[in-house]
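Participant: here is a sequence with its predicted model. Questions after.
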Amino acid sequence: MRSRRTLILGLMMCVFAASSASADSSIVLPRPGQVGLEVGGGYGLLAHSGEIGSLFDAGATLVVRGRYRMRYERAIGLSFESQTFDVRVAPPAFVEGADSTVGPTKMSLITSGLEFYQLFGSRTKTTRMLMAGLGLAQARAKLNSGDTQLVDVPGGAPTGSGDGLYVSAGAGVERFFYRSWAWDLSSRYMAVFRNGKPNHDVQAALGVIFYASY
């Protein structure tokens, strides 16, 4: 009986080792010149400062990114994000004709920009990276009246201009699990500038990236 158990255990270990080796051999690491497309989601937090942070606090993030692998363990990419933040203090109930009760309930922060990556261990299944970026940001507030307005001044009042700039820095890991598919786990700090003042946004995101081969 003991020898049979030992044999079964040995066979199971062999099957596990073979499956692990097969999974490893199926991975195709990206080369310089290849482009990756990522889709993912995450969560962001605004510091209680600045024009936006004083009104809104936290919410979900949707990310779409493109990444072009270069030589010397570097990459460049495009980043598009849609973050939704809840209001810190809910406004009074909306009453038709009473402007004093109109206030924001949620805010959408749309960013689009360019990112630069320094990679580490790009010839292994786990690629570590540092990134820095910059681009445009636009904030839209949803009011309790049902309207959506561009946010530009303290208090969330609409002025017709919601554009701003942002800079970002972060770190992340790509973990390849099948051929040219990888999990992408990253965290970023974003300084969103509104009327010359920074708003501090920290986020974490998890996505799936695929590198096209040609």
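Facilitator: Cool, the structure landed.
Participant: could you give the number of residues near the nearest residue to residue 76 once chain neighbours are set aside?
Facilitator: Closest residue to residue 76 apart from its sequence neighbours, by CB to CB, 6 or more residues apart in numbering: residue 68 at 5.3 Å. The way it works is simple: take the backbone N, C-alpha and C, and place the C-beta from them, glycine included. Neighbour count for residue 68, taken as other CB atoms under 10 Å: 17.
Participant: identify the bridge partners of residue 68.
Facilitator: The partner list for residue 68 in beta bridges (DSSP bridges) reads residue 35, residue 76.
Participant: any idea how far it lies from residue 115?
Facilitator: 10 Å (CB to CB, to the nearest Å).
Participant: let me see the contact set for residue 57.
Facilitator: Residues in contact with residue 57 (CB atoms under 8 Å, 6 or more residues apart in numbering) are 45-46, 48, 85-88.
Participant: so where's this structure uncertain?
Facilitator: Applying pLDDT under 70 to the chain flags the ranges 1-25, 91-102, 145-162, 214.
Participant: nearest to residue 203, of the contacts of residue 57?
Facilitator: When these are compared for distance to residue 203 (CB to CB), residue 45 wins out at 7.2 Å.
Participant: rewinding a little: find residues that contact each of residue 68 and residue 115.
Facilitator: Joint contacts of residue 68 and residue 115 (CB under 8 Å, 6+ apart) are 76-77.
Participant: not counting its neighbours along the chain, what's nearest residue 197?
Facilitator: Per CB to CB, 6+ apart, closest to residue 197 is residue 50, 5.4 Å.
Participant: quick check on that neighbour: phi, psi?
Facilitator: Here is the backbone geometry of residue 50 (degrees, to the nearest 10): phi 80, psi 170.
Participant: pretty sure it contacts residue 198?
Facilitator: Yes: using CB atoms under 8 Å, residue 50 is in contact with residue 198, at 6.0 Å.
Participant: quick check: neighbours shared by those two?
Facilitator: Between them, residue 50 and residue 198 share these contacting residues under CB under 8 Å, 6+ apart: residue 192.
Participant: wasn't residue 61 part of a strand?
Facilitator: Yes: per DSSP: H, G, I helix; E, B strand; the rest coil, residue 61 lies within a strand segment.
Participant: ok, the residue nearest to residue 76 - contacts?
Facilitator: 33-36, 75-77.
Participant: narrow the residues you listed to those that are buried.
Facilitator: With neighbours counted by 16 or more other CB atoms under 10 Å, these contain buried members at 34-36, 75, 77.
Participant: what segments of this structure are helices?
Facilitator: 2-25, 50-53 (DSSP state H).
Participant: identify the residues contacting stretch 76-85?
Facilitator: 44, 46, 52, 56-68, 70, 106-117, 133, 135, 201, 203.
Participant: how many neighbours does the residue nearest to residue 120 when sequence neighbours are not counted have?
Facilitator: Computed as CB to CB, 6+ apart, the closest residue to residue 120 that is not its neighbour in sequence is residue 128, at 4.3 Å. If you count neighbours by other CB under 10 Å, residue 128 ends up with 15.
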